[in-house]
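**Q** Need the 3D shape of this:
(one chain, ligands or ions: 1)
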Amino acid sequence: MTDILVLGGGYTGVAAAIRVAHRTRSTGARVTLVNASPRFTERLRLHQTAAGERLADHALTDVLAGSGVEFAQGRVTALDPVRRQVSLGDGRTLGYDKLIYALGTVTDATVPGVAEHAHVYDDYAATVRLSEHLDTLTSGTVIVAGGGLTGVESAAELAEARPHLHVVLLTRGRPGSMMSTGARAYLDRALERLGVEVRAGADITKVLPDGVELAGGELIHSDATLWTTGTRGLPLAAESGLTVDERGRIVVDRVLRSVSHPDVYAVGDAAAVTQKFGVMHGTCQGGIPTGLGAADSLAATLLGRTPPPFRFGYVHQPVSLGRRDAVIQFTHPDDSPRRWYLTGRAAIAYKETVSSSPLPQFKLLKRGLVPVWAFGLTAGRS
Ligand SMILES: Cc1cc2nc3c(=O)[nH]c(=O)nc-3n(C[C@H](O)[C@H](O)[C@H](O)COP(=O)(O)OP(=O)(O)OC[C@H]3O[C@@H](n4cnc5c(N)ncnc54)[C@H](O)[C@@H]3O)c2cc1C
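**A** Next up is the predicted model:
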């Protein structure tokens with residue numbers, strides 16, 4: 001019997017586990033998913049959690065029910081890809097024949113003070129701590145560092161939910177710089193309407209207990225700082241001897257196997273996946289297809305077939321601007337913006353459909369049906 005271990009119960013690990021269990025049923029393979037928490041975290045909605053919304057609690061055992069995947073709760077502390085063993089924090093050791101690594105990323109804390117003084121989106125508990133801290137503030141300033149889509153969504157959400165707080169978005173470039181001129185102008189107007197102060201061209205050199213320091217020495221006071229500027233793979237991937245890129249992500253080949261240890265597949269934010277447009281960046285949109293791709297690739301290998309190369313293309317950049325506004329930028333497969341974008345009500349409905357799609361789509365996967373994420377796989381062939 002082949003033992004398949006999936007590390008990480010986020011969007012990509014769950015998708016990979018369900019798909020590989022379905023595809024390898026005839027071989028009698030045993031699939032086990034390991035996750036630190038018993039809870040499925042809707043990472044796409046962490047900015048809503050930060051703003052104070054309490055989302056439905058989804059147990060991983062419920063999410064996986066009926067898929068044939070066993071769940072093991074535990075924090076992975078080490079991986080030995082030569083002995084094919086994984087160590088957990090409680091002292092257990094799990095062996096495997098094939099491994100799918102889907103442990104996501106952690107905040108890049110290379111700027112001094114981030115680890116000590118900034119709030120981060122590393123997990124649900126950390127996000128709840130930010131929200132609880134904000135609950136204690138009757139006035140004051142919140143700095144959101146980073147003008148990527150996570151920073152923009154967070155600034156807008158916090159400003160709308162907590163209008164008594166002054167939200168400052170600090171970014172090196174312009175917020176939403178990857179969008180078309182029209183979509184970016186819409187985004188700028190929405191941030192202005194919500195009272196978010198945007199400071200573009202800000203290079204933060206240090207996070208302090210009560211603010212940040214910019215290059216040039218200017219100090220900006222804050223009562224809470226949220227850091228969203230970038231992420232890295234967990235140190236344990238490099239420590240295990242797997243080949244990783246400069247951001248600690250596992251480098252994979254065309255069928256999503258580690259280039260150094262082919263019994264290990266890597267998916268989602270944790271993987272450096274090269275496509276013809278370059279290395280994919282961390283999104284759910286691209287991550288779930290990598291989970292499906294790795295599962296198919298692994299299943300094909302077990303069944304003695306040659307897996308086809310993984311191909312992916314982006315379709316959209318969906319951005320919420322609080323609960324009452326949104327902008328959806330449609331993209332070319334390489335994620336560059338097309339001319340079309342959606343705003344207002346249609347965009348809110350679109351964004352909500354995207355954010356709520358994973359759980360019902362996991363149900364389809366259990367039945368072997370094609371989920372909506374196949375759009376990205378089709379776009380990759382164009
Ligand atoms: C606020 C916010 C909004 C976003 N919005 C969008 C969006 O609109 N569209 C989009 O496509 N993407 C969006 N993203 C990005 C998207 O959420 C990620 O790309 C996606 O979650 C990656 O999935 P993953 O499974 O690779 O990693 P994760 O979702 O991070 O899952 C990793 C899992 O591994 C577990 N884990 C980690 N370390 C260990 C360990 N040592 N032992 C055991 N378990 C461990 C974690 O608990 C987690 O369950 C957003 C991200 C944020 C933070």
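**Q** For the stretch 1-150 of the chain, which segments count as helices?
**A** Secondary structure of the stretch 1-150 of the chain (DSSP state H, counting those that start in this stretch): helices located at 11-23, 46-51, 60-64, 114-117, 124-135, 149-161.
**Q** Ranking these by mean neighbour count, which comes first?
**A** helix 11-23 (a mean of 28; mean count of other Cβ atoms under 10 Å). (Each C-beta comes from the backbone N, C-alpha and C, glycine too.)
**Q** what packs against it?
**A** Secondary-structure packing of helix 11-23 (3 or more Cβ pairs under 8 Å, 6 or more residues apart in numbering; DSSP states H and E): strand 3-7, strand 30-35, helix 60-64, strand 69-73, strand 98-101, helix 284-302, helix 358-366.
**Q** Pick out the residue in the stretch 51-200 of the chain sitting closest to the ligand.
**A** residue 104 (2.6 Å; Cβ to the nearest ligand atom).
**Q** Contacts only, for that residue.
**A** 8, 10, 12, 43, 234, 268, 269, 270 (Cβ atoms under 8 Å, 6 or more residues apart in numbering).
**Q** Do you know the pLDDT at the closest residue in space to it that isn't next to it in sequence?
**A** Distances taken as Cβ to Cβ, 6 or more residues apart in numbering place residue 269 nearest to residue 104, at 4.7 Å, with adjacent residues excluded. Reading off the confidence values, residue 269 has pLDDT 97.
**Q** quick revisit: let's see which of the contacts of residue 104 end up in strands.
**A** In strands, judged by DSSP state E, none of the contacts of residue 104 are found.
**Q** ok, back up a step: dump the helices of the stretch 1-150 of the chain into a markdown table; add mean pLDDT as well.
**A** Formatted as a markdown table, these follow (pLDDT from 0 to 100):
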| stretch | mean pLDDT |
| --- | --- |
| helix 11-23 | 97 |
| helix 46-51 | 97 |
| helix 60-64 | 98 |
| helix 114-117 | 97 |
| helix 124-135 | 96 |
| helix 149-161 | 97 |
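**Q** Pretty sure residue 221 sits against residue 208.
**A** No. Between residue 221 and residue 208 there is no contact under Cβ atoms under 8 Å: 9.0 Å.
**Q** Among those two, which residue is more densely surrounded?
**A** Between residue 221 and residue 208, residue 208 has the larger neighbour count (other Cβ atoms under 10 Å), namely 17 against 12.
**Q** Now do the contacts for that one.
**A** Contacts for residue 208 (Cβ under 8 Å, 6+ apart) come out as 113, 117, 219.
**Q** Contact partners for the first one?
**A** In this structure, residue 113 makes contact with 206, 207, 208, 212, judged by Cβ under 8 Å, 6+ apart.
**Q** Setting aside sequence neighbours, what's the nearest residue to it?
**A** Nearest residue to residue 113, sequence neighbours excluded (Cβ to Cβ, 6+ apart): residue 207, at 3.4 Å.
**Q** now do the second one
**A** Nearest residue to residue 117, sequence neighbours excluded (Cβ to Cβ, 6+ apart): residue 207, at 4.7 Å.
**Q** Report the separation between that neighbour and residue 119.
**A** 10 Å (Cβ to Cβ, to the nearest Å).
**Q** Find residues that contact each of those two.
**A** 225, 227.
**Q** Switch the helices of the stretch 1-150 of the chain over to JSON lines; also include distance to the ligand.
**A** Output for the helices of the stretch 1-150 of the chain, formatted as JSON lines (distance: least, Cβ to the nearest ligand atom, whole Å):
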{"stretch": "helix 11-23", "distance to the ligand": "3"}
{"stretch": "helix 46-51", "distance to the ligand": "4"}
{"stretch": "helix 60-64", "distance to the ligand": "8"}
{"stretch": "helix 114-117", "distance to the ligand": "15"}
{"stretch": "helix 124-135", "distance to the ligand": "8"}
{"stretch": "helix 149-161", "distance to the ligand": "5"}
